[in-house]
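Chemist: Let me see the structure of the following:
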Amino acid sequence: KKKKKKTSTPQRDTQEKKEKNKMDALLTFYQLPFGVLRAPNLRIKKISVNRPSWTTVFAAVMVSYVLVTGGIIYDVIVEPPSIGQTVDANGHARPSVFMEGRINGQYITEGLASSFLFAAGGLGFILLDTANNSKQMAVVQRFTVLGLGMGMALIAYFMLRVFISIKVRGYMQT
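Modeler: Predicted coordinates for the structure are as follows:
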């Protein structure tokens, strides 16, 4: 498709002039205070902040990840107790860490425990990636890091499955 050139018409020219006059009036209006007032002569030194190391950034990201996945925002808004109570068959009150039957509610310790497992699983995958991509790592060290990474990821996965099966009875059962 060919683009048509804008042709200049008297009507378009007058409209463009009106818009230009409006902009000039606004510019004059905004420049008015600076004609009377004078900006102070400040001697401000430029602040130089050193770049944080990658470990500091990684630690900050992991801490914020643990807090967010642990439900810190939910805990601040709803203010649930740290642990709850359930009554057993004998009528005795027993402490309960999981808010059973409510998928959209949690106790504080339940959220923190699950977030630590999320972080452990993530660290396991990071260790697996480190062992895979490191060229200078000794064979024994590589297998140690691989085993630790696989162990962390698998333990986190299966423990989170146990958590969800406690929280919602009959979930993920064949």
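
Chemist: pLDDT below threshold where in the protein?
Modeler: The chain contains residues with pLDDT under 70 at 1-8, 10-11, 174.

Chemist: Need the residue closest to the centroid of it.
Modeler: Tyr65 (6.2 Å; Cα atoms, centre = their mean).

Chemist: is it true that it lies in a strand?
Modeler: No - counting by DSSP: H, G, I helix; E, B strand; the rest coil, Tyr65 is located in no strand; its state is helix.

Chemist: Was I right to think it contacts Leu123?
Modeler: No - taking contacts as Cβ atoms under 8 Å, Tyr65 lies outside contact range of Leu123: 10.5 Å. For glycine as for every other residue, the C-beta is placed from the backbone atoms N, C-alpha and C.

Chemist: shared neighbours, those two?
Modeler: Residues touching both Tyr65 and Leu123 by Cβ atoms under 8 Å, 6 or more residues apart in numbering: none at all.

Chemist: any idea how far the longest helix along the chain is from the chain center?
Modeler: Counting residues, the longest helix found in the chain (DSSP state H) is helix 139-167. Distance, stretch centre to chain centre, for helix 139-167: 23 Å (Cα atoms, centre = their mean, to the nearest Å).

Chemist: Equivalent analysis for stretch 32-40, please.
Modeler: Worked out by Cα atoms, centre = their mean, stretch 32-40 lies 44 Å from the chain centre.

Chemist: One more: stretch 33-51?
Modeler: That offset, for stretch 33-51, works out to 35 Å (Cα atoms, centre = their mean).

Chemist: Tell me where the chain has strands.
Modeler: With DSSP state E as the criterion, the chain has strands at 84-87, 93-96.

Chemist: what lines up beside the first one in the sheet?
Modeler: Using DSSP bridges, the strands paired with strand 84-87 are strand 93-96 (antiparallel).

Chemist: ok, Gly124 touching Ala156?
Modeler: Yes - under the contact definition of Cβ under 8 Å, Gly124 touches Ala156, with a separation of 6.5 Å.

Chemist: Let's have the strands of the chain in JSON lines, adding mean neighbour count.
Modeler: Putting those into JSON lines (neighbours: other Cβ atoms under 10 Å) gives the following:
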{"stretch": "strand 84-87", "mean neighbour count": "13"}
{"stretch": "strand 93-96", "mean neighbour count": "12"}
